[in-house]
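Visitor: starting from these lines, generate the structure:
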Amino acid sequence: MIMKAMMLTGIRQVEIREIPEPVLINPSDVKIKMSVVGVCGSDIHYYTKGQIGSQVVKYPFPVGHEGAGIVAETGRSVKKVKQGDAVAIEPAISCHLCDQCLAGRRHTCRKLKFLGCPGQAEGCLMEYIVMPEENCIPLYGNLNPDHGSISEPLAIGIYSVRKSNDVRNVATGILGFGPIGMSVMLALKAQGVNRYYITDKIDERLLVAGKEGASAVLNPLKSDVINEIKQKEPFGLDVVFECCGQQEALDQAVDILKPGGKLLVVGIPEFDTWSLNVEKTRRKEISLQFVRRQVDCVETALDMMNKGVINVENMITHRFPFKRTKEAFDLVAGYHDGVMKAMIDF
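Guide: Model (predicted):
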């Protein structure tokens, strides 16, 4: 059987190719007919740069890891899902045997295979994929495929907030309000946080942040975000999430944090080396936490959406049919039309 797959074929080049449908190999395999895939910033890094750090695309290559679909076929030992079930897809396939997995850190598995990551696993921008049973999470209750797709970036936001420890009665900042920044904000709101300051260079995104109840929304291209936040929080912020992968945002985070504050770096930069002001970070005794995707939060994200604790209706701003994937990539790459999250429909 032949299916269609959307392949990166060069820098800013995408083509539909016909390739063989995947087949079940292991008894625990599940074949999924894809319904929807969200476009992630990491997909765009591969599209525009051909790499993220040491992960270099070898063309042709399909990206995509924020997906949901319908179970088409199951291996003989599969019990969790059945044919016809709608499922969210956990894109990280871990070995369960290495030191990291045994320590409960499956997201940093030594042999990790992550969908759409060069050298690890092909992405889900194709009509069918095969995943292990444990990576297929049934959609139930009020959940639909969009929720399934959004559960992946939302889980990163939930995990980031978990790594920040107790944030219920503190002042927080989110620098960069793309889908990950919004996921962090939604997770903070779910924790009862009501003091969060948001910055972004795209005014349309700031309008969304305002609707979500941000204490202040600031565009660093138009205002002095450091002074404006300090006017509202003279002692500084307790926790700041850097969510855009920009050096200037990291510098701003250090300036607006109070002594003893915590900086969480969630964004993926296009450069190789961060820099930090030694005197400011040392004298303030800033705690620095890097965030690598997430672990054990996808099901939590789905549960919170199903119960209405988290509402993602403002996150999805654009939709494209599968054949127009390149338009979606160009839109997200150029930050056009106030895009927050673009979805690819099969």
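Visitor: got any ranges where the stretch 201-346 of the chain has weak pLDDT?
Guide: Applying pLDDT under 70 to the stretch 201-346 of the chain picks out no residues at all.
Visitor: residue boundaries of the strands in it?
Guide: Secondary structure of the stretch 201-346 of the chain (DSSP state E, counting those that start in this stretch): strands located at 216-218, 237-242, 257-265, 287-290, 316-321, 341-345.
Visitor: I'd like those strands written out as a markdown table, with distance to Asn142 and mean neighbour count added.
Guide: C-beta here means a position set from N, CA and C on the backbone, and glycine is covered the same way. Output for these, formatted as a markdown table (distance: least, C-beta to C-beta, whole Å; neighbours: other C-beta atoms under 10 Å):
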| stretch | distance to Asn142 | mean neighbour count |
| --- | --- | --- |
| strand 216-218 | 29 | 20 |
| strand 237-242 | 28 | 27 |
| strand 257-265 | 30 | 19 |
| strand 287-290 | 33 | 14 |
| strand 316-321 | 16 | 16 |
| strand 341-345 | 18 | 22 |
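Visitor: quick one: closest of those to Gln231.
Guide: strand 216-218 (9.4 Å; C-beta to C-beta).
Visitor: quick one: the closest one to chain centroid distance?
Guide: Strand 216-218 has its average C-alpha position 22 Å from the chain's average C-alpha position, going by C-alpha atoms, centre = their mean, to the nearest Å.
Visitor: now tell me what touches that strand from outside.
Guide: Contact partners of strand 216-218, identified using C-beta atoms under 8 Å, 6 or more residues apart in numbering, comprise 177, 197-200, 206-207, 209-210, 225, 228-229, 232.
Visitor: again, only this time at 6 Å
Guide: With C-beta atoms under 6 Å, 6 or more residues apart in numbering as the test, strand 216-218 has contacts from Tyr197, Ile198, Thr199, Leu206, Ala209, Gly210, Val225, Glu228.
Visitor: is it correct that the third one is in contact with Asp224?
Guide: No - counting by C-beta atoms under 6 Å, Asp224 is not a contact partner of Thr199; they are 11.1 Å apart.
Visitor: check what pLDDT the nearest residue to Leu102 once chain neighbours are set aside gets.
Guide: Leaving out its chain neighbours, the residue that sits closest to Leu102 by C-beta to C-beta, 6 or more residues apart in numbering is His96, at 8.0 Å. According to the prediction, His96 has pLDDT 97.
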